[in-house]
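# The sequence isn't on hand, but the structure is:
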């Protein structure tokens, strides 16, 4: 007789979501320059864990974002909850998003919006718009 798992994973859509911020009408001639990922550098364990620095990986945009000290301080406050921030250019727009979150943990954080707005400013500046 086959043995059935009493805690089966449900089929279909799960209760996990991502909030995506979209920047439209961007001239993407070099997508590699706009590709970036931000990861926290933390110290401590579990409840004592704190973000002490951030590291950007990617193209030219990542280099620009790494040098912005104001953005770095803003990120230290939100990366504990967000985990990471990714920037992906797609066709005629750019997505900025963080990790997947369970529906019980999904909420709008104005501090994340400020971070995204600052990143969008750098993207527009890199593209020659001001």
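Looks like it came in fine. In this text the structure is predicted, and so the values were computed from the model without any measurement. Numbering: from 1, shown residues only.
# Only C-alpha atoms from now on, for both contacts and neighbour counts.
Noted.
# Might you list the low-confidence residue ranges for the chain?
Counting by pLDDT under 70, the chain has low-confidence residues at 1-2, 4-5, 8-12, 129-130.
# switch the cut-off to 90
1-19, 25-31, 44-49, 80-83, 91-92, 100-109, 126-130 (pLDDT under 90).
# Mind telling me which residue is nearest the centre of it?
With distances taken as Cα atoms, centre = their mean, the chain has residue 85 as the residue nearest its mean C-alpha position (1.7 Å).
# Which residues does that one form beta bridges with?
Listed beta-bridge partners, residue 85: residue 38 (assigned using DSSP bridges).
# List the residues that contact it.
Under the criterion of Cα atoms under 8 Å, 6 or more residues apart in numbering, the neighbours of residue 85 are 37, 38, 39, 79, 96, 97, 98, 99.
# can you check residue 123 too?
Residue 123 is in contact with 34, 61, counting by Cα under 8 Å, 6+ apart.
# That one belongs to a helix, doesn't it?
Yes - remark: residue 123 belongs to a helix, assigned using DSSP: H, G, I helix; E, B strand; the rest coil.
# re earlier: drop anything exposed from the contacts of residue 85.
With neighbours counted by 16 or more other Cα atoms under 10 Å, the contacts of residue 85 contain buried members at 37, 38, 39, 79, 96, 97, 98.
# For the nearest residue to the first one once chain neighbours are set aside, give me its contacts.
When you say that, I think you mean residue 37. Closest residue to residue 37 in three dimensions, ignoring its sequence neighbours and counting by Cα to Cα, 6 or more residues apart in numbering: residue 86, at 4.4 Å. Contacts of residue 86 were listed using Cα under 8 Å, 6+ apart, and they are 35, 36, 37, 38, 95, 96, 97, 98.
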